[in-house]
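[1] Sequence below, structure please.
(chains A and B)
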Protein chains: 2
Amino acid sequence: MINSQKNRQVLVAARAKGIPDPSNFAVIDGKMPELPPGGAIVRVLYASVDPGMRGWLSEEKNYMTVPTGAVMRAHGVGEVIASDHQDFLPGDHVYGSFGWQQFASAVTEDILWKVDVKLAPAAAWLGILGLNGLTAWVGFNHLARPRAGETLMVSTAAGAVGGAVGQLAKSAGLRVIGLAGNDSKAAHACAELGYDIVLNYRTADNLGMAVAEACPNGIDVFFDNTAGEIADAVFPKLVAGARVIQCGTASVSSWLPPPNGPRRERDILVKRLSWHGFVVMDHAALFPQALRELGALVAAGKLTGRDHVLEGLDKAPVAIEMLYRGENKGRLLIRP
Amino acid sequence: MINSQKNRQVLVAARAKGIPDPSNFAVIDGKMPELPPGGAIVRVLYASVDPGMRGWLSEEKNYMTVPTGAVMRAHGVGEVIASDHQDFLPGDHVYGSFGWQQFASAVTEDILWKVDVKLAPAAAWLGILGLNGLTAWVGFNHLARPRAGETLMVSTAAGAVGGAVGQLAKSAGLRVIGLAGNDSKAAHACAELGYDIVLNYRTADNLGMAVAEACPNGIDVFFDNTAGEIADAVFPKLVAGARVIQCGTASVSSWLPPPNGPRRERDILVKRLSWHGFVVMDHAALFPQALRELGALVAAGKLTGRDHVLEGLDKAPVAIEMLYRGENKGRLLIRP
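    Numbering: from 1, shown residues only, chains lettered A, B, ... in the order given. This is a model prediction of the structure:
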């Protein structure tokens, strides 16, 4: 029965110079996968859309690449429908690397952990309790080492990671300031994501002055998802000993070659800054602790996420553009 | 008797836009100081000349400023000649902030520690066992967290700090690569300061390619004293997880405003870099451990420094320029 079914898939058709668009993808009806020895077949309930996908498709050097002709790599949450592994039974829900497709042939390396859809709905395990929540937790708690009373600046306050960082920081007793690309996102971040002030970086007359006014004691932690000129407005307000967490570079459309900007070496020296780049999967050893703490905050009503669900894989080829244009309202997911 | 003696002093006459030169100083014959209550009068044996002095005199914001009309701030080694403090007796040798002058009125905050001139000569306590050695130790051991087998790059291999870093790294089992501004410094760094290869950054046809050839496995730790275009040649060779230690910015003559250079955010993110600025005095709690380890290496003949002594304070006003032009052969000191 299942073998007569089609498996809708999104393949990588060509590498991208900037933000991937429909020319980089092909949507096809593939075959149903066969059960891999020692693995499982997973019906994908939700597949992820992430800013990092730009890097995976880029012609530039990156920490991760998806080859042309392959199914687009993506994390997802799904249900096991067939299994050759004793830990994963039909009906189990799992989180892992299942790609932009309806059915995934998953070996054990692809399945990262089981999720409990009674504790939180399947989509939440891709957002606030998935890599976004983990990214926020690792960057904020492990790398930034925040202290109550400090001022935090997040350059994408209403984003999937930024929204989680704001709520973690509020719970930790920081003053939480953010930037967002429109007034409705800014209002949402203040109303629901723990932010004290969120500035609209597109409409501010002088963003540097607006940041200075919003942060009269300077900035102790800068959680940066944008880089570029938006970050330039923040750097002068960093205090001595400030920590900069580089979690993304979304405001710069091409890094080949890197664009020029003000040199940071003097600020780094004189202000004794620490500037950390990170990729969350390097910190997998921290995930059990992080998921315990994130789960407790969700249970206490102190941590929430909003989802923006695209219906059907046919919408996947425009999804990364949507993200970079800021058109999503909440965590962008695809329901295959 | 002593009160009829003059006290030659170098005063700050004007703030500097770039590298301080004689127009920023006035050399005078001041009065002998009086013994301060609870302090000491110190005859200065050697006074220091440091790259950081540019910042102390700068019009720009800096972590330390010397006001116009004051004696130029400088660390030094001296002999106590009169004391009102039970810990410091006439004949004791001390390290501290005594300024560019022959005799200093030192309160307890000015006297950092006693030194043993039988263990190492007075000048050594201003160099390899002074703030330069401590700076090398803190940046290398505490911030860079090196592992044997890694490749270290130092952008001023033959400098007072860079020379110490090279020797510490060699003792720790790293591959030690450096840059220097002329062939004689490069040869000296290879012969005496632990370096495996030192490139002349002024004569290399393509510094980036030369760095790549010298570091076939990439660079794990970049100890940067120059910033600017010299650092630009190093950044592309950093490996994932590399640590950048910003100890100076000597190749850039003015930071007001900061010059432009290639943006680093993408490298920081994709390579998971950690970039640390530091000022050694922030790490004073580590000094006892650092001095024990540095002293043991000196005793074992694994750590040496070379001094370049200017005779007389009349030479002090050109000393900072000398340093930035790279004319000193070894640690630049003034014998007042």
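[2] In space, not sequence, find me the middle residue of chain A.
    residue A:132 (4.4 Å; C-alpha atoms, centre = their mean).
[3] Contacts for the one helix or strand it maps to next, please.
    For residue A:132, the host element (DSSP states H and E) is helix A:131-137. Helix A:131-137 has contacts (C-beta atoms under 8 Å, 6 or more residues apart in numbering or on different chains) with A:48, A:50, A:75, A:126-127, A:160-162, A:164-165, A:168, A:247, A:280, A:283, A:286-287, A:290-291, A:293-294, A:303, A:305, A:331. Placement of C-beta: from N, CA and C, glycine included.
[4] wait, what's in contact with residue A:11?
    A:25-28, A:69-72.
[5] can you tell me the helix or strand for it?
    Taking DSSP H and E as the criterion, residue A:11 maps to strand A:6-12.
[6] How far away from the center of its chain is that strand?
    23 Å (C-alpha atoms, centre = their mean, to the nearest Å).
[7] could you point out which element follows that strand?
    Moving toward the C-terminus from strand A:6-12, the next helix or strand (DSSP H and E) is strand A:25-31.
[8] can I get the CA coordinates of that next one in PDB?
    Provided in PDB are the C-alpha atoms of strand A:25-31 (Å, rounded to 0.1, in the frame of the first residue of the first chain):
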ATOM      1  CA  PHE A  25      15.400  24.000  -6.200                       C
ATOM      2  CA  ALA A  26      13.400  21.300  -8.000                       C
ATOM      3  CA  VAL A  27      10.200  19.900  -6.500                       C
ATOM      4  CA  ILE A  28       9.500  16.300  -7.600                       C
ATOM      5  CA  ASP A  29       7.400  13.300  -6.800                       C
ATOM      6  CA  GLY A  30      10.000  10.800  -5.700                       C
ATOM      7  CA  LYS A  31       9.600   7.200  -4.700                       C
END
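[9] partners of the helix or strand following it, with directions?
    Sequence-wise, the next helix or strand downstream of strand A:25-31 (DSSP H and E) is strand A:40-48. Partner strands and pairing direction for strand A:40-48 (DSSP bridges) are strand A:75-83 (antiparallel), strand A:103-106 (antiparallel), strand A:331-335 (antiparallel).
[10] before we move on, the earlier item: give me the buried positions along the strand holding residue A:11.
    Across strand A:6-12, burial judged by 16 or more other C-beta atoms under 10 Å in any protein chain shown covers A:7-12.
[11] now swap in stretch A:15-24 and tell me
    For stretch A:15-24, the neighbour count (16+ other C-beta under 10 Å) marks A:15-16, A:18-20, A:24 as buried.
[12] ok, the residues you listed vs chain B, which is closest?
    residue A:18 (13.2 Å; C-beta to the nearest C-beta).
[13] give the contact list for the closest one.
    Residue A:18 makes contact with A:54, A:253-254 under the criterion C-beta under 8 Å, 6+ apart.
[14] ok so, going back, for PyMOL, write the selection for the buried entries among the contacts of helix A:131-137.
    To isolate the buried ones among these in PyMOL, judged by 16+ other C-beta under 10 Å, type:
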select buried, chain A and resi 48+50+75+126+127+160+161+162+164+165+168+247+280+283+287+290+291+293+294+303+305+331
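[15] Out of the contacts of helix A:131-137, which sit inside strands?
    Assigned to strands by DSSP state E, the following of these qualify: A:48, A:75, A:331.
[16] what pairs with the last one across the strands?
    What it means is residue A:331. With DSSP bridges as the rule, residue A:331 is bridged to residue A:307.
[17] returning to that earlier point: following the helix holding residue A:132, which helix or strand comes up?
    Downstream of helix A:131-137, the next assigned helix or strand under DSSP H and E is strand A:151-154.
[18] quick one: average confidence on that following strand?
    When pLDDT is averaged over strand A:151-154, the result is 98.
[19] Quickly note the distance from residue A:236 to residue A:202.
    Separation of residue A:236 from residue A:202 (C-beta to C-beta, to the nearest Å) stands at 20 Å.
[20] oh, I was asking about residue A:101
    Counting by C-beta to C-beta, the gap from residue A:101 to residue A:202 is 36 Å.
[21] Ok, residue A:61 next?
    Counting by C-beta to C-beta - residue A:61 and residue A:202 are separated by 31 Å.
[22] How about residue A:64?
    Residue A:64 is 30 Å from residue A:202, by C-beta to C-beta.
[23] quick one on the thing from earlier: need the strands paired with strand A:40-48 in CSV (columns: mean pLDDT).
    As requested, the strands paired with strand A:40-48 are exported to CSV (pLDDT from 0 to 100):
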stretch, mean pLDDT
strand A:75-83, 97
strand A:103-106, 97
strand A:331-335, 94
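[24] Please name the spatially closest residue to residue A:150 (chain neighbours excluded).
    Of all residues not flanking residue A:150 in the chain, residue A:220 sits nearest, at 3.8 Å (C-beta to C-beta, 6 or more residues apart in numbering or on different chains).
[25] Would you pull up the residue in the stretch 51-200 of chain A closest to chain B?
    residue A:63 (5.5 Å).
[26] Show the contacting residues for that residue.
    Per C-beta under 8 Å, 6+ apart, neighbours of residue A:63: A:55, A:279, B:240, B:270, B:272.
[27] So what would you say the end-to-end distance of stretch A:192-203 is?
    Distance across stretch A:192-203, first residue to last, is 22 Å (C-alpha to C-alpha, to the nearest Å).
[28] What residues sit buried inside that stretch?
    Applying 16+ other C-beta under 10 Å to stretch A:192-203 flags A:193-201 as buried.
[29] can you list those in TSV and add secondary structure, pLDDT and distance to chain B?
    What follows is the buried residues of stretch A:192-203, written out as TSV (DSSP: H, G, I helix; E, B strand; the rest coil; pLDDT from 0 to 100; distance: C-beta to the nearest C-beta, whole Å):
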residue	secondary structure	pLDDT	distance to chain B
A:193	coil	95	23
A:194	coil	94	24
A:195	coil	98	23
A:196	coil	98	26
A:197	strand	98	24
A:198	strand	98	22
A:199	strand	98	20
A:200	strand	97	22
A:201	coil	96	16
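[30] Which two of these have the greatest separation?
    Taking C-beta to C-beta as the measure, the buried residues of stretch A:192-203 span a maximum distance of 18.8 Å, between A:194 and A:201.
[31] Could you find the closest non-adjacent residue to residue A:252?
    That would be residue A:228: by C-beta to C-beta, 6+ apart, it lies 4.5 Å from residue A:252.
[32] unless I'm mixing things up, the one you found is touching residue A:260, no?
    No. Residue A:228 is beyond contact range of residue A:260, at 10.8 Å (criterion: C-beta atoms under 8 Å).
[33] For those two, indicate the residue with more neighbours.
    residue A:228 (18 against 11; other C-beta atoms under 10 Å in any protein chain shown).
[34] and the more buried one, what pLDDT?
    For residue A:228, the pLDDT comes out at 96.
[35] Good, wrapping up.
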